[in-house]
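Visitor: quick one, what's the 3D model for this:
(4 chains)
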2 protein chains.
Amino acid sequence: MSIASDIIRGHTDAIILARLLLKDSYGYEINKAILRSTDQEFELKEATLYSAFKRLEELALIRSYWGDETTGARRKYYAITDKGKEEYYKMKKDWLYARQIIDKLLSSEDIYEE
Amino acid sequence: MSIASDIIRGHTDAIILARLLLKDSYGYEINKAILRSTDQEFELKEATLYSAFKRLEELALIRSYWGDETTGARRKYYAITDKGKEEYYKMKKDWLYARQIIDKLLSSEDIYEE
DNA sequence: CATAATACCTCGCCTGTCAAGGTATTTTGT
DNA sequence: ACAAAATACCTTGACAGGCGAGGTATTATG
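Guide: As a prediction, the model looks like this:
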């Protein structure tokens, strides 16, 4: 089972920020971590991930720096900024709020029906 | 507080179908019912609503018929089809699944961190 | 008698996802 | 030794859904 694009849309930024809240990381690792933490059930598509990085950096919610790997492929690390942390908490609040509204609307039970 | 377009996206169809599961209804009433059932906290934008109707009817998840009002403006009623009911249950399952995944990803707690 | 409410609809912009394509390096299996 | 897989980055362009802005017509209300 997979999550439809239209459902994941609007959450990718928060998902990425949540990872960066734990520690600085880079694209490939973030994706693997998401896979791992959802028991291989969910992963962001690469194109989605990298376009999100671009967007988040433009908004100054994250900043990037190249790692100094002596071995392996070069890695571009991302760190969450203070502004990013603030936004993350807002996004999480928004999610909790939206979740409750959607739950209500899909429950199909109206008490105050006319 | 309002729900961002990107979060609502992917749920409008299910929200509309949920209403039609209760009873046949028309655009204006559906929107008012959504408003009422969320304590005026949420409503679909008209353009979103009508484009959803079009999409859902093309997919044969709903069908429409004109009401025979003797008074007031004409109303276009919508009814959910059997296919629509099936799809609704799928959508609801998808929502429950996605909700759990998103909750997990926004919890920022990794037990199996390397 | 104007304004709000009811009720429908379309056009075109904007944004985010993602399939498909690309590059370069390193590790692994045979 | 060499091919294949894994690691790691990135761009382009198509596509779809939300919605602002605009429109029409009728009825109710202050």
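
Visitor: does the lengthiest helix in chain A reach DNA strand D?
Guide: Ranked by residue count, the top helix of chain A under DSSP state H comes out as helix A:82-106. No. Using CB under 7 Å from any atom of the strand, helix A:82-106 stays clear of DNA strand D, with a minimum separation of 11.5 Å. Backbone N, C-alpha and C define where each C-beta goes, glycine included.

Visitor: tell me the angle of that helix relative to helix B:82-106?
Guide: With axes from the mean of the first three to the mean of the last three CA atoms, to 10 degrees defining the directions, helix A:82-106 sits at 150 degrees from helix B:82-106.

Visitor: can you pull the buried residues of helix A:82-106?
Guide: Residues of helix A:82-106 classed as buried: A:84, A:87-88, A:91-92, A:94-95, A:97-99, A:101-102, A:104-106 (neighbour count, 16 or more other CB atoms under 10 Å in any protein chain shown).

Visitor: so what's A:Arg75 up against?
Guide: A:26, A:28-29, A:66-67, A:69 (CB atoms under 8 Å, 6 or more residues apart in numbering or on different chains).

Visitor: any stretches of chain A with poor pLDDT?
Guide: Counting by pLDDT under 70, chain A has low-confidence residues at A:108-114.

Visitor: in what helix or strand does the most centrally placed residue in chain A lie?
Guide: The residue lying closest to the centre of chain A (CA atoms, centre = their mean) is A:Ile15, at 1.8 Å. Per DSSP states H and E, A:Ile15 falls inside helix A:12-22.

Visitor: could you say what helices and strands whatever helix or strand comes next after that helix packs with?
Guide: Where DSSP H and E defines the elements, the next helix or strand beyond helix A:12-22 is strand A:25-26. Strand A:25-26 is packed against strand A:76-80, with contacts defined by 3 or more CB pairs under 8 Å, 6 or more residues apart in numbering or on different chains; DSSP states H and E.

Visitor: can I get the strand it packs on in PDB? Just the C-alpha atoms.
Guide: The C-alpha trace of strand A:76-80 is given here as PDB (Å, rounded to 0.1, in the frame of the first residue of the first chain):
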ATOM      1  CA  LYS A  76      25.200  17.900   0.800                       C
ATOM      2  CA  TYR A  77      24.100  18.300   4.400                       C
ATOM      3  CA  TYR A  78      21.100  20.300   5.500                       C
ATOM      4  CA  ALA A  79      20.500  21.900   8.900                       C
ATOM      5  CA  ILE A  80      17.200  23.300  10.200                       C
END
